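K.L.:
this one's sequence-less:
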């Protein structure tokens, strides 16, 4: 094989230094791509093909593809500046991007050419794709939603910047040891990130701690000066976010914390070598880890500092851009629409006020008007305990100036509220930004509500419950602020890239416009009754199941039958998501089979995945329960050909791209009124899985869209949950009615699934019997009966296939493109600004 330098340019190429369309760094031809790849291998990685590692090959290909994005990236920025377009700034503590390479190839439309180019060099593209480290920038649905949204913003050609944190380490890399979750370091940056470009020249200073001083300026105006205890630098790292088959390439800007003085030379010379780098270590801790454990005071303080850090960096950056465009800060709200993705960035309300008042001398009333017209707030939870609040003294210690601003915002707001709710001091106390009951707290969701012009839930039910319960007082005061925006996911990542077999089948029948406009997927509905199409659909699903079975064997060592039903539940492990309801049902099936040796049941493989927060003891015990039940079932010859249980460790976007296309039954079983929306349910439906679920979150809308006859519904409604709780829920009443459930819980409590340890699962069982806040026992009988219907339905292969096709065909509503279009029209007032191709 030729040396890459000679392979890149022919031996007698007299045109080597002449501009040529095949030689520029934006050409998409196969020969140009090969040359660029070999150039990067030699000049970026310093290797030849003969000695290159897999990482060298991946890095070279990534740089080759990134080169093809830079020109459109530059043109996009220039177009936005020229047009002075209103820019959407999406502030999120998480961006669960997933691997970049495959998605960027798809957006550029060069997957096939790259595959051929690599093949001609003796390389396998799929192997290079597997080499990419998944960015540890998110944990669950919140971060994945942010990633889908910025993909759609670029595809719809809407000016946008995603702002977040460049975590050095992800939340953790999950492994299992004896069925227990073990948290390992997720060093996703160990080999670097070829997609990002550092811009140290745009670094900003972020203050923390200290105290404030009041003074009068030269014009005789009252001012406040913040004297910080420490200052850290925020350095931006930019990654290109290309739209699908358009010239728009938007920016994801992530901030890394650095010390303003990384090395103290004098301290070093005194022999204090650790002290010489102490500032560097403490400053960089801010962006070390996604969601540091906040059980300790130090952990809480770090988490607050972390959130403030990225919000302050982002707002300072936006103000820099505003001034660079030649626009006054007083028109900031006309240039930027800032979306708060949950409560994590809600400190932005106070920070923008500080920047406008203290740094840019804008009067309070004008600054407050700008702030409220700039921010909008998405709430992602119905769990009161998940709404962030900070102890007042901790907040004062970290952000003394912001506490003063929040006190002033609160005083003015409560004056307005007292007029609106005359004489209702109980309601006034509930509305206050400061929780005065017991230890005083700053309520961050309240700050977001007061400081935003729009507040939205993420599914119709969720939005109604926000208005009725969680934020009812704010809704009573400002009903015009509230709206509903059902979440969505990008069909590029979750169908076109994840499920290429299905994508090819769909494209052959209706063309490829569905990739950019998922609503067009409805055109495959007539094929649901086409026998030939259905046979191909089944073949695609089975091939995907074979792929997943191979992954399960590699990751868990458990061999599963691809002809069994793949019953899947992959999501964050939490009591409200009720993975332990599935565990009880699986144990009941096992009990049934052992009690009735000749019982005829549909063979099933139960697949679980998801992480429990490191400090969440109950959730980690739920994982242990699932794996313990699996250990018994998978090794019992009476049932192992009919039931299998697999917990897939370290669930991620990469793993999800294999799981969703192979799933046949999607478990969406949270208690009604607890799940805000869910997005996994949408990915499953798009890929043809049928849903078993409650009337919760977006399940309701999925059922409305796909049809009641192709959705397996069980459980209490939100109203029934509300009534049962008000009247007094007694779990034991439900247990006494179900002898099989009693037997199963007795079996678990006896230690049957825990090697005789009757104490191991006692905390979980006691919770269910004497507390059960998520009403598993109330829903169990309905859940088990619904699974019996699933069992019978799966036996009719043709009808199951028909329902699978209909799930995909009728999932058009659940594209993030639709969601972003609604945000642009109803909240952001942003419009598309097309970029011309060059």
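P.N.:
Structure's in. What do you need? Keep in mind that what you see is a predicted model, and the values were worked out from it rather than measured.

K.L.:
the longest strand seen in the chain packs against which elements?
P.N.:
Looking across the chain with DSSP state E, the single longest strand is strand 230-242. With contacts taken as 3 or more Cβ pairs under 8 Å, 6 or more residues apart in numbering; DSSP states H and E, strand 230-242 sits against helix 54-83, helix 101-108, helix 141-155, strand 197-198, strand 204-208, strand 249-259, helix 278-284, helix 297-324. In short, each C-beta sits where N, CA and C put it, glycine included.

K.L.:
out of the ones you listed, deepest packed?
P.N.:
Ranked by mean neighbour count, the helices and strands packed on strand 230-242 are led by helix 141-155 with a mean of 27 (mean count of other Cβ atoms under 10 Å).

K.L.:
now it, how far from the chain's geometric center?
P.N.:
Its chain's average C-alpha position is 8 Å from that of helix 141-155, according to Cα atoms, centre = their mean, to the nearest Å.

K.L.:
pull out the buried positions in the helix or strand just after it.
P.N.:
As assigned by DSSP states H and E, the chain's next helix or strand after helix 141-155 is strand 160-165. Buried residues in strand 160-165, defined by neighbour count with 16 or more other Cβ atoms under 10 Å: 160-165.

K.L.:
for those residues, which one is nearest residue 312?
P.N.:
residue 163 (10.8 Å; Cβ to Cβ).

K.L.:
wait, what's in contact with the closest residue to that closest one other than its chain neighbours?
P.N.:
Take residue 163 and drop its neighbours on the chain: the residue closest to it by Cβ to Cβ, 6 or more residues apart in numbering is residue 314, 3.9 Å away. Residue 314 makes contact with 89, 91, 163, 253, 255, 348 under the criterion Cβ atoms under 8 Å, 6 or more residues apart in numbering.

K.L.:
which pair in these spans the largest distance?
P.N.:
Farthest pair in those, by Cβ to Cβ: 253 and 348, 14.8 Å.

K.L.:
strands of the stretch 351-500 of the chain, start to end?
P.N.:
Remark: strands assigned in the stretch 351-500 of the chain by DSSP state E, counting those that start in this stretch are 375-378, 389-391, 434-435, 441-443, 455-457, 482-484.

K.L.:
residue 52 is nearest to which of these?
P.N.:
For residue 52, the closest of those is strand 375-378, at 44.4 Å, according to Cβ to Cβ.

K.L.:
got the contact list for that closest one?
P.N.:
With contact meaning Cβ under 8 Å, 6+ apart, strand 375-378 is reached by 337-342, 346, 348-349, 352, 448-449, 451-458, 485, 827-828.

K.L.:
in helices only, show me the residues you listed.
P.N.:
348-349, 352, 448-449, 451 (DSSP state H).

K.L.:
can you put the helices and strands packed on strand 230-242 in JSON lines and add mean pLDDT and distance to residue 362?
P.N.:
Shown next, in JSON lines, are the helices and strands packed on strand 230-242 (pLDDT from 0 to 100; distance: least, Cβ to Cβ, whole Å):
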{"stretch": "helix 54-83", "mean pLDDT": "96", "distance to residue 362": "23"}
{"stretch": "helix 101-108", "mean pLDDT": "98", "distance to residue 362": "40"}
{"stretch": "helix 141-155", "mean pLDDT": "96", "distance to residue 362": "29"}
{"stretch": "strand 197-198", "mean pLDDT": "97", "distance to residue 362": "32"}
{"stretch": "strand 204-208", "mean pLDDT": "97", "distance to residue 362": "19"}
{"stretch": "strand 249-259", "mean pLDDT": "96", "distance to residue 362": "24"}
{"stretch": "helix 278-284", "mean pLDDT": "69", "distance to residue 362": "30"}
{"stretch": "helix 297-324", "mean pLDDT": "95", "distance to residue 362": "11"}
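
K.L.:
as CSV, these with distance to residue 594 would be great.
P.N.:
Shown next, in CSV, are the helices and strands packed on strand 230-242 (distance: least, Cβ to Cβ, whole Å):
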stretch, distance to residue 594
helix 54-83, 47
helix 101-108, 45
helix 141-155, 37
strand 197-198, 60
strand 204-208, 60
strand 249-259, 52
helix 278-284, 55
helix 297-324, 45
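
K.L.:
right, and those - which one's nearest residue 603?
P.N.:
Once the helices and strands packed on strand 230-242 are compared by Cβ to Cβ, helix 141-155 is nearest, at 30.6 Å.

K.L.:
who does the closest one touch, helix- and strand-wise?
P.N.:
strand 87-91, strand 160-165, strand 230-242, strand 249-259, strand 336-341, helix 816-823.

K.L.:
contacts made by the second one with the rest, please.
P.N.:
Spelled out, that is strand 160-165. 87-95, 137, 146, 150, 153-154, 241, 250-255, 287, 290, 306, 309-310, 313-314, 317, 830.

K.L.:
cool, and the shortest one?
P.N.:
Contacts with strand 87-91, where a contact means Cβ under 8 Å, 6+ apart, come from 80, 146, 149-150, 153, 158-164, 310-311, 314, 318, 321, 335-341, 345, 348, 823-824, 828, 830.
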